[in-house]
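[1] the following block contains a protein sequence and its predicted model.
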Amino acid sequence: KLREASFERAQLEGADLTSADLTDGNFVEAYFYGATLKGAVLVNTDLTGADLRRTVLTNANLHRANLQGALLDHAQLEGARLIEADMESAYLDETNLRDANLKEAILRGADMRYADLQDADLQDADLEGANLEEAALGKADLHSAKLRMAILYHAVFDEANLMDANLNRAVLIGAKGLRTNFMNGDLGEIYAPKSSFQLAQFNRTHLESANFVGADLRGANFSHSNMTHANLQDTNLQDATFVSVNLSGARLDSADLRRANFTGVNLSAVIGLTQAQLNAACVNEQTKLPPGLNRPAPCSSIKKEAR
């Protein structure tokens, strides 16, 4: 046991510290490159600026550890417990964090490019301004996570849970996810051109001024969301649902609206909507149309023709 030990700037390259108890230890700027810390206990351990590149920390307990500015590139943290860990501005490029517990972890400004976060628990984690370019987030739990201004370029969110998450002004260029849950989230001013979120749940989501130009949102559910001034130009919205959505000032130029459900929706203030688009969509008598457009045939007949 090395509880409360002080190894500031220690050279521990390649060391075997499997299951070691390093609770409350001081390892500021220590050099652990390639070390094995599988199952180690690092609760409240100070690892500020430590070099943990290519270390094996599988199933390690880093509860409330201080990892500010630490180097964790290519580290193995599968199943690790990082609850409330402070990893602000840490480097986690290509780090394996599969099934890791990062509840309430601080990851502000962290570099997490190409990180594997599949099945990870990131509930209430603070990822504001983090770089998650091409990160794998399949089935990750990001409930109430803070992702404001995060970089999520080409990140993958298949079946991820982002309910109540804050993605205000986040960048999701080319990001994709199947059946992703964004319910009740804040996605105001997100920049997500060319993204793909088929069958996603955007119910009761804030999407003011969201940019989905050229995105694939087939079958997505936007019910009860605020989409004022959203940019949906060239967006594929086939079979999407817009029941009780505020689309005032939204752009629909060249969007694919085949079988999109606008029943009861006020479309009078949308921009770029054509008669041809409207004819392919689903509207009813309660749908308010823009000036100059005529109410098309009921949606049921369109569906029969599409079969």
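    Looks like it came in fine.

[2] so which bits of stretch 128-139 are buried?
    Residues of stretch 128-139 classed as buried: 128, 129, 130, 131, 132, 133, 134, 135, 136, 137, 138 (neighbour count, 16 or more other CB atoms under 10 Å). Heads up, the C-betas are built off the backbone N, CA and C, glycines and all.

[3] meant to ask about stretch 244-260, not that
    245-248, 250-253, 255-260.

[4] out of these, who's nearest residue 292?
    residue 252 (14.6 Å; CB to CB).

[5] is the closest one in contact with residue 265, as I believe?
    No. Using CB atoms under 8 Å, residue 252 is not in contact with residue 265; the gap is 11.7 Å.

[6] hey, what's residue 81 bridged with?
    Note on residue 81: beta-bridge partners residue 61, residue 101, judged by DSSP bridges.

[7] you'd agree it is up against residue 61?
    Yes. Residue 81 lies in contact with residue 61 (CB under 8 Å); the separation is 4.7 Å.

[8] turn the buried residues of stretch 128-139 into a markdown table, including secondary structure and distance to residue 23.
    Below are these laid out as a markdown table (DSSP: H, G, I helix; E, B strand; the rest coil; distance: CB to CB, whole Å):
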| residue | secondary structure | distance to residue 23 |
| --- | --- | --- |
| 128 | coil | 29 |
| 129 | coil | 31 |
| 130 | coil | 27 |
| 131 | strand | 31 |
| 132 | coil | 30 |
| 133 | coil | 34 |
| 134 | coil | 35 |
| 135 | coil | 30 |
| 136 | strand | 31 |
| 137 | coil | 31 |
| 138 | coil | 33 |
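
[9] would you turn the residues you listed into CSV with pLDDT?
    Shown next, in CSV, are the buried residues of stretch 128-139 (pLDDT from 0 to 100):
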residue, pLDDT
128, 98
129, 98
130, 98
131, 98
132, 98
133, 98
134, 98
135, 98
136, 98
137, 98
138, 98
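
[10] where does the prediction get shaky in this protein?
    In the predicted model, the chain carries pLDDT under 70 at residues 1, 300-307.

[11] re earlier: possible to save the buried residues of stretch 244-260 as JSON lines with secondary structure and distance to residue 152?
    Shown next, in JSON lines, are these (three-state DSSP; distance: CB to CB, whole Å):
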{"residue": "245", "secondary structure": "coil", "distance to residue 152": "24"}
{"residue": "246", "secondary structure": "strand", "distance to residue 152": "25"}
{"residue": "247", "secondary structure": "coil", "distance to residue 152": "25"}
{"residue": "248", "secondary structure": "coil", "distance to residue 152": "27"}
{"residue": "250", "secondary structure": "coil", "distance to residue 152": "23"}
{"residue": "251", "secondary structure": "strand", "distance to residue 152": "23"}
{"residue": "252", "secondary structure": "coil", "distance to residue 152": "25"}
{"residue": "253", "secondary structure": "coil", "distance to residue 152": "25"}
{"residue": "255", "secondary structure": "coil", "distance to residue 152": "23"}
{"residue": "256", "secondary structure": "strand", "distance to residue 152": "24"}
{"residue": "257", "secondary structure": "coil", "distance to residue 152": "27"}
{"residue": "258", "secondary structure": "coil", "distance to residue 152": "28"}
{"residue": "259", "secondary structure": "coil", "distance to residue 152": "29"}
{"residue": "260", "secondary structure": "coil", "distance to residue 152": "26"}
